[in-house]
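Trainee: Predicted model and sequence below, questions to follow.
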Amino acid sequence: MAVRSTPDASGWVKSARQVERERLLRRRSIRSGSIATVSTLLVVVLLVWGVTASPGWERVRETFFDPEQFVRAFPDVLSGFLLNVKIFLIAEPLVLLVGLSVALVRGLRSPVFFPLRALAVAYTDIFRGVPTILVIYLVGFGLPALGLQGMPTDLATLGVIALTLSYGAYVAEVFRAGIDSVHPSQIAAARSLGLGHGGTMRHVVLPQAVRRVVPPLLNDFVSLQKDTALVATIGPLEALRQAQIHAASTFNYTPYLVGALLFILLTIPLARLTDYLAARSQRRRGQ
């Protein structure tokens with residue numbers, strides 16, 4: 001008795017038994033996904049019911065979820081949030097530049113560059129060890145106190161400098177990990193072709209390293225976007241400071257909810273982009 005076969009999309013011929021097995025697996029996958037979706041919705045409904053049925057819900061609703069206060073605070077918090085975005089967009093390329101420069105300096109092996117390597121190591125150790133908010137305080141209040149001519153006094157600019165110093169140390173280690181992940185045979189092949197250290201790094205090592213570290217870099221930038229709110233501690237009227245002003249005048253914390261929602265609307269797309277790039281990187285490596 002002949003076994004019927006059917007061509008698939010790639011032109012290969014599958015037996016009827018293989019086709020049936022794939023259909024069964026597809027049905028199981030759909031059924032499992034449906035069960036997971038229903039379970040998740042059920043958990044969310046139970047959590048919402050548990051919160052809204054609690055004795056103190058009415059007071060929490062009035063304090064954190066007041067529609068009138070939400071509408072009243074939204075324009076000011078939004079204008080402050082635009083400053084957060086501006087700080088982020090200025091700090092991000094500076095962080096990349098500082099991080100890549102420090103990573104490249106740490107990769108210099110010649111003894112003549114030992115002082116530079118030592119400075120790069122000290123920079124990464126210090127600024128990764130000090131909390132970001134303390135860096136913002138030290139830069140925001142310390143630099144103006146020096147009284148040096150030409151020193152920036154704008155609070156937002158000082159916040160950008162502090163975030164760049166703090167996150168530059170983290171990004172430097174990300175770049176260094178990417179550079180170290182390139183197989184030594186790649187470097188040896190480039191040197192055998194006559195490329196010097198600079199040419200090897202530019203044409204062989206860095207292109208591979210940067211592709212490998214894009215997902216962790218985006219994770220750092222998600223954190224950077226959130227930490228722009230810390231600049232409020234030295235005075236700029238960004239989203240958190242605007243929310244504080246409204247909350248202090250009304251004794252209602254709904255303005256903080258406005259700020260939280262604005263940050264979520266910006267960070268979630270970045271997080272999903274990070275997940276997509278990480279998954280694409282795994283697929284390219286065949287994992």
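Mentor: Sure thing, it's come through.

Trainee: For the stretch 101-250 of the chain, which segments are assigned as helices?
Mentor: For the stretch 101-250 of the chain, the helices defined by DSSP state H, counting those that start in this stretch occupy 114-129, 132-146, 155-181, 184-192, 197-200, 206-227, 239-250.

Trainee: Compare those helices and give me the one nearest residue 281.
Mentor: helix 206-227 (6.5 Å; CB to CB). The C-beta positions use only the backbone N, C-alpha and C, and glycine is treated the same way.

Trainee: so can I have TSV of the helices of the stretch 101-250 of the chain showing mean neighbour count and distance to residue 259?
Mentor: Converted to TSV, those look like this (neighbours: other CB atoms under 10 Å; distance: least, CB to CB, whole Å):
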stretch	mean neighbour count	distance to residue 259
helix 114-129	14	27
helix 132-146	16	17
helix 155-181	21	16
helix 184-192	12	46
helix 197-200	14	45
helix 206-227	18	11
helix 239-250	19	4
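
Trainee: Residue 73 is nearest to which of these?
Mentor: Among those, if distance is taken as CB to CB, the winner is helix 239-250, at 4.4 Å.

Trainee: Mind listing residues that contact the closest one?
Mentor: Contact with helix 239-250 is made by 69, 72-73, 76-81, 83-84, 229, 232, 235, 252-253, 255-256, 258-259, 262-263, as judged by CB atoms under 8 Å, 6 or more residues apart in numbering.

Trainee: Separate out the buried members of those.
Mentor: 69, 72-73, 76-77, 80-81, 83-84, 229, 232, 252-253, 255-256, 258-259, 262-263 (16 or more other CB atoms under 10 Å).

Trainee: got any ranges where this structure has weak pLDDT?
Mentor: Filtered on pLDDT under 70, the chain yields the residue ranges 1-15, 285-287.
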